[in-house]
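*Asks:* test case, fold it:
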Amino acid sequence: MYETYEGFEDDVKKFLTFVAPKIDEYEELLTTNRIWVERTKGVGTISAKDCIALGVTGPVLRASGVKWDLRKAQPYANYSEFDFEIPTGQNGDTYDRYLVRMQEMRQSLRIIEQAVGRIPEGPIMAKVPKVINPLWARFITLSRRRKASWILHRQRTAPRNPIAFACGRLRS
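*Replies:* Residues are numbered from 1 along each chain as shown. Model (predicted):
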């Protein structure tokens, strides 16, 4: 993690106020545009069942109606501390994928706004000396190896399709 510069939070807030209306503008341009709708509705449809069977993730999965987001299901980093919704579609077509992505942009702005509001005053980075005791360096190396070993073990023991497993559609 790096230190932010003076005025960083203000710049992020300015960015948020700039981007939010742009998303509205894009939606106004496309969402009800007859040509856009005709070329995207009913095109490239994939069902929720097929998405799960194929291991599809992200906006494509959510556009098919599956309310699955790793940030909510198995929160990492600080996502458990943020308030945001999981946008989903109904038909699994290109139009629904577009709508899901538009909503995801809004939810991303919401997360960024909350994150910027939680940045503490003062320095963020730890003050680490330029020279580290060799015993401490060895401990760090061993810790990394243990973590890598745990990750490898986790990958080997995890269900083949974690989304299907979590949705109760597969037994492991």
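*Asks:* ok, now how distant is residue 39 from residue 103?
*Replies:* For residue 39, the distance to residue 103 equals 20 Å [Cβ to Cβ, to the nearest Å]. In this view, the C-beta of every residue, glycine as well, is placed from N, C-alpha and C.
*Asks:* actually residue 117, not the one I wrote
*Replies:* Applying Cβ to Cβ to residue 117 and residue 103 gives a distance of 21 Å.
*Asks:* more neighbours: the two, which one.
*Replies:* Between residue 117 and residue 103, residue 103 has the larger neighbour count (other Cβ atoms under 10 Å), namely 19 against 10.
*Asks:* what kind of secondary structure is that one in?
*Replies:* Classification of residue 103 using DSSP: H, G, I helix; E, B strand; the rest coil returns helix.
*Asks:* for the chain, what helix or strand is lowest in average pLDDT?
*Replies:* Confidence across the helices and strands of the chain bottoms out at helix 134-157, with a mean of 52, counting by mean pLDDT, DSSP states H and E.
*Asks:* who's the closest spatial neighbour of residue 69, skipping the chain neighbours?
*Replies:* Distances taken as Cβ to Cβ, 6 or more residues apart in numbering place residue 86 nearest to residue 69, at 4.5 Å, with adjacent residues excluded.
*Asks:* which regions of the protein sit below the pLDDT cut-off?
*Replies:* Where the chain drops to pLDDT under 70, the residues are 1-3, 123-172.
*Asks:* quick check: domain ranges of it?
*Replies:* Following the assignment in automatic domain parsing, the chain carries domains at 8-126, 128-172.
*Asks:* tell me the most buried of those?
*Replies:* The highest mean neighbour count among the domains of the chain, using mean count of other Cβ atoms under 10 Å, belongs to domain 8-126: a mean of 15.
*Asks:* roughly how far does residue 28 sit from residue 102?
*Replies:* In terms of Cβ to Cβ, residue 28 sits 11 Å off from residue 102.
*Asks:* try residue 64
*Replies:* 16 Å.
*Asks:* next: residue 74.
*Replies:* Residue 74 sits 25 Å away from residue 102, taking Cβ to Cβ as the criterion.
*Asks:* test my guess that the residue nearest to residue 69 contacts residue 66.
*Replies:* No - counting by Cβ atoms under 8 Å, residue 86 sits too far from residue 66 to count as a contact (9.5 Å).
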